[in-house]
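> Mind looking at a prediction? Sequence and model below.
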Amino acid sequence: MMPRHLHRLLPLTLALAFSASAHPTDPAGGPFTATATSSATASVSSYPGELPPAEQAIAAIHQAPEVLGALATIDAEAARRRALEAGPYEWAVRLGNQQRRIDASDAAAQRYREWSAALERPLRLPGKASLDAAIGAQGVAQAKVGHADAMHETARSLLAAWFNWLRESDTARQWQRQSESLQRQREATARRVALGDGARLELMQAEAAAAQAQAALEQARRRTAVAAAELRSRFPAITLPATPPTAAQPQPLAGDIGEWREHLLKENHELRLARAGTQQARLLANRSDAERTPDPTVGMHVGSDRGGEERVSGLTLSIPLPGGARAANAQREGALASVAAQREAATLAKVNAEISGALAAVETAYAGWQSSEDAAQRLEQAAALMARARTLGEAALGDVLLAQRQANEARLAANATRLEALEARYRLLLDTHQLWAYADEDDD
């Protein structure tokens, strides 16, 4: 039977727990307002303690197989550029040797040794040579953008894997606290039952709650171990600390949203790759159109006839007569250039949508953390009041366990939203090249 004055305590406790502030306040003080700065490129003033060491992160990014493969692609494109600049044509030598026999009815047959030699080479027209050089240079530039994109995607994967480990570690840490609290509750209940001051049912409730918390703790530890193993396997350069770092409080997004959008659009590698692809497709279309005019072949030849009685020398010029294939190839490359341009337009629309989502995610994640943190603090206060009422004999154990479970769930949610807000902000800094200076100058 619940004491009469506890009926007055419970409504106040629940009201304290579930009342939501109309304007969530920043723990630093004051309601959340995005303070505009002179530039959206203001980076992290000091390196965050909840991130892996910067030198380890940069080493992990540069050692990733995807990044090394993209780096090799630059070498391949550089070799292709040299080949295009040299051109596909080479000198050709043609040698001939023959015997001539002249049969005359009034004289003996005459035999002569004859030979010929020729040197010839196709000539690439000047306009084609400049286009080939431009195609080669564009291929190298595109490969460098691909290398930068590979490093950026690897950095994003590292950030995601790191925060996945932080989330699981933080969850395990919270369940550790909850398990220890419920173990103490179980021991206190067992003492009360032993003294005849408690019901056996309450001991069963305390034991069940402690067992559930211990099971949740073991599951959280298993998920933490899996996340750590995946992080070590994917990024061996990262050394995980023995004690996971405690996440700092999220900060609101500072600066003008328009400036952030402009900076994100400028640094987006997917869009830069699409634009480089369009430029390359246009160069290839121009090159194919230039190929409608065939390249001539010039040469010189010398020869000896009738055993040296006749000497022959001269120049040769041959020009292919163009057919329908050249025009068809030019039309095909022109159509492919149009395809690339449309692909670039689609990429631009996609990137704009992703940027809008990323900016909204940072703001909503911060606001969500504020609300979750406020709710968690209120429920923790309610649980503390219920525990106090229990020590005074004014609350049933079931009510205490319920309040503790609600407070634990709220704390787990608040911790998760805290890390979500931090990850969203760091991902934004990463996308604007303000976190982990891993990029080479040539790639930009």
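Yep, that arrived.
> switch to C-alpha atoms for all contacts and neighbour counts from now on
Will do.
> Would you verify that L95 is located in a strand?
Yes. The assignment for L95 is a strand, going by DSSP: H, G, I helix; E, B strand; the rest coil.
> what ranges do the helices span in this structure?
All helices of the chain, identified by DSSP state H, fall at 4-18, 54-63, 65-86, 126-194, 200-234, 257-267, 269-290, 324-391, 397-431.
> Out of those helices, which gets nearest to T243?
T243 lies closest, by Cα to Cα, to one member of these: helix 126-194, at 9.1 Å.
> For R111, find the nearest of the helices of the chain.
Nearest of the helices of the chain (Cα to Cα): helix 65-86, 45.8 Å.
> which other helices and strands contact that closest one?
Packing partners of helix 65-86 (3 or more Cα pairs under 8 Å, 6 or more residues apart in numbering; DSSP states H and E): helix 126-194.
> Counting by contacts, list what the helix it packs on packs against.
When contacts are defined as 3+ Cα pairs under 8 Å, 6+ apart, helix 126-194 sits against helix 54-63, helix 65-86, helix 200-234, helix 269-290, helix 397-431.
> out of the ones you listed, which comes closest to A134?
Across these, A134 has its closest neighbour in helix 269-290 (7.4 Å, Cα to Cα).
> From N352, how far out is L336?
Per Cα to Cα, to the nearest Å, L336 is found 24 Å from N352.
> And for I61?
Plainly put, I61 is 26 Å away from N352 if you go by Cα to Cα.
> the more surrounded of the two?
More neighbours surround I61 than the other of I61 and N352, with 27 against 17 (other Cα atoms under 10 Å).
> any idea which strand is longest in the protein?
Across the chain, the longest stretch assigned as strand under DSSP state E is strand 107-122.
> Mind listing what's buried along that one?
In terms of neighbour count (16 or more other Cα atoms under 10 Å), strand 107-122 has its buried residues at E114, W115, S116, A118, L119, E120, R121, P122.
> Find the nearest non-adjacent residue to A396, please.
Leaving aside its chain neighbours, A396 sits nearest to R390 (6.6 Å; criterion: Cα to Cα, 6 or more residues apart in numbering).
> make that L428, sorry
Leaving aside its chain neighbours, L428 sits nearest to A358 (7.1 Å; criterion: Cα to Cα, 6+ apart).
> ok so, going back, out of the helices of the chain, nearest to G314?
Among the helices of the chain, the nearest to G314 by Cα to Cα is helix 126-194 (25.3 Å).
> Thought R111 was touching G308, still the case?
No. Applying Cα atoms under 8 Å, one finds G308 not in contact with R111, separated by 11.9 Å.
> Name the residue closest to the centre of the protein, please.
In the chain, the centroid-proximal residue (Cα atoms, centre = their mean) is E153; its distance is 2.3 Å.
> can you tell me how far that residue sits from A248?
Per Cα to Cα, E153 is found 25 Å from A248.
> what does H263 give?
For H263, the distance to A248 (Cα to Cα) stands at 26 Å.
> Looking at those two, which is more packed in?
H263 (17 against 12).
> is it true that the more buried one touches T432?
Yes. Counting by Cα under 8 Å, H263 does reach T432; the two are 6.4 Å apart.
> Could you find the closest non-adjacent residue to Y438?
Distance criterion Cα to Cα, 6+ apart; nearest residue to Y438, sequence neighbours excluded, is I58 at 5.4 Å.
> Contact partners for the one you found?
Residues counted as contacts of I58 (Cα atoms under 8 Å, 6 or more residues apart in numbering) are W436, A437, Y438.
> which residues touch the first one?
Residues counted as contacts of W436 (Cα under 8 Å, 6+ apart) are A54, A57, I58, L430.
> now the residues you listed as JSON lines including pLDDT and distance to G314?
Shown next, in JSON lines, are those (pLDDT from 0 to 100; distance: Cα to Cα, whole Å):
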{"residue": "A54", "pLDDT": "93", "distance to G314": "71"}
{"residue": "A57", "pLDDT": "95", "distance to G314": "68"}
{"residue": "I58", "pLDDT": "96", "distance to G314": "65"}
{"residue": "L430", "pLDDT": "94", "distance to G314": "67"}
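> With respect to A413, which of those residues is nearest?
Closest approach to A413 among the contacts of W436 (Cα to Cα): L430, at 25.3 Å.
> and that closest one, how far is that from S157?
L430 is 11 Å from S157, where distance means Cα to Cα.
> Now do R411: how many residues are near it, please.
22.
> quick thing: my sequence starts at 32, can you match it?
Happy to do that; since the first residue is 32 now, the last one works out to R442.
> Distance check, it against A414.
R442 is 12 Å from A414, by Cα to Cα.
> and what of A361?
Counting by Cα to Cα, the gap from A361 to A414 is 76 Å.
> coming back round to it: more neighbours: L461 and S188, which one.
L461 (20 against 16).
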